[in-house]
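Undergrad: sequence-free structure coming up:
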């Protein structure tokens, strides 16, 4: 009987710990060039073990409930993620309103220097969270989706000291192909074979990467269009594809693990 009571107490203790463990969503704010940014730090607090830190730039709708849910899924117990605001607190496109999102991204596409400055500041802010969050500062990377994919590629082009960047169905263009010579990160770009928005730039992107010395890979996923990881999208040219999404996430984990371990 005493053994049964001890087992019950142990089970209750375990359930209590599980109930307390949760995904943390902590606001992280900063001001750059007069613009105030509001981002979100995401991680599982079930363990205090240090883990890699990722800057994550969502699609052109910015920080939304859907983007936070995606950050939760990717972070799991594996990463601490800074879900990054690239627009400033006063610019919040309404999901589903592409005109608003296009207006939000237009200044950044027009001024890639500003884009690179903002994403580098986000990396600085991620590092600053290591005093209060379980971030391993020796293992830093960046991931991005659609517009966010373009942004993290520009982080790499800036010469940022990160182990890797991973772009999901991101734009491949650059304002200066010579910046590829600055890249220190391992670069993985994954795009749908039938993505009419990004694939026309594929050859130029590969030529750009060949001009540098970085370890890079450009993966084309067959039978997929733009937005293949975006669960809310279902239009002919921008459509969620669970098969492509699962494959790309698996490749992301493999790419990051190899980069963090220093293995080829």
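TA: It's in. Keep in mind that this is a model prediction, so the values were computed, not measured.
Undergrad: What lies in contact with stretch 124-139?
TA: Here stretch 124-139 makes contact (CB atoms under 8 Å, 6 or more residues apart in numbering) with 24, 26, 28, 30, 39, 41, 43, 47-55, 80, 82, 140, 163, 260. For the C-beta atoms, the positions are set from N, CA and C on the backbone; glycine is no exception.
Undergrad: Go again with 7 Å.
TA: Contact partners of stretch 124-139, identified using CB atoms under 7 Å, 6 or more residues apart in numbering, comprise 28, 30, 41, 43, 48-53, 55, 80, 82, 163, 260.
Undergrad: And it, end to end?
TA: Using CA to CA, to the nearest Å, one end of stretch 124-139 lies 14 Å from the other.
Undergrad: Looking at it now, give me its mean pLDDT.
TA: Mean pLDDT, stretch 124-139: 98.
Undergrad: Pull out the buried residues from it.
TA: For stretch 124-139, the neighbour count (16 or more other CB atoms under 10 Å) marks 125, 126, 129, 133, 134, 135, 139 as buried.
Undergrad: wait, is the second one part of a helix?
TA: Yes. The assignment for residue 126 (DSSP: H, G, I helix; E, B strand; the rest coil) places it in a helix.
Undergrad: Distance-wise, check it relative to residue 46.
TA: Going from residue 126 to residue 46 by CB to CB, to the nearest Å gives 21 Å.
Undergrad: got the residue ranges for the helices in this structure?
TA: Applying DSSP state H to the chain gives helices spanning 2-20, 65-75, 98-110, 112-128, 147-157, 202-210, 242-261.
Undergrad: Residue 25: neighbour count?
TA: Close neighbours of residue 25, defined as other CB atoms under 10 Å, add up to 13.
Undergrad: Who are the contact partners of the closest residue to it other than its chain neighbours?
TA: Leaving aside its chain neighbours, residue 25 sits nearest to residue 40 (5.4 Å; criterion: CB to CB, 6 or more residues apart in numbering). By CB under 7 Å, 6+ apart, the contact list for residue 40 reads 25, 26, 27, 28, 63, 68, 83.
Undergrad: related to what we said a few turns ago, please list the members of the contacts of stretch 124-139 that lie in strands.
TA: Counting by DSSP state E, the part of the contacts of stretch 124-139 found in strands is 28, 30, 41, 43, 51, 52, 53, 55, 80, 82.
Undergrad: The fifth one against residue 78, yeah?
TA: Yes. Under the criterion of CB atoms under 7 Å, residue 51 is in contact with residue 78, at a separation of 6.1 Å.
Undergrad: Between those two, tell me which one has more neighbours.
TA: With neighbours defined as other CB under 10 Å, residue 51 and residue 78 compare such that residue 51 has more, 20 against 15.
Undergrad: so who does the more buried one touch?
TA: Residue 51 sits next to 78, 79, 80, 134, 136 when contact means CB under 7 Å, 6+ apart.
Undergrad: repeat for residue 180
TA: 157, 208, 209, 211, 212, 214.
Undergrad: hang on, isn't the second one packed against residue 172?
TA: Meaning residue 208. No. Contact criterion CB under 7 Å: residue 208 and residue 172 do not qualify, at 8.3 Å.
Undergrad: Pull out the buried residues from the contacts of stretch 124-139.
TA: Buried subset of the contacts of stretch 124-139 (neighbour count, 16+ other CB under 10 Å): 28, 41, 43, 51, 52, 53, 55, 80, 82, 163, 260.
Undergrad: Of the residues you listed, just say which sits nearest to residue 238.
TA: residue 55 (23.8 Å; CB to CB).
Undergrad: Now the closest one. Nearest residue, chain neighbours left out?
TA: Leaving aside its sequence neighbours, residue 55 sits nearest to residue 142 (CB to CB, 6+ apart; 4.2 Å).
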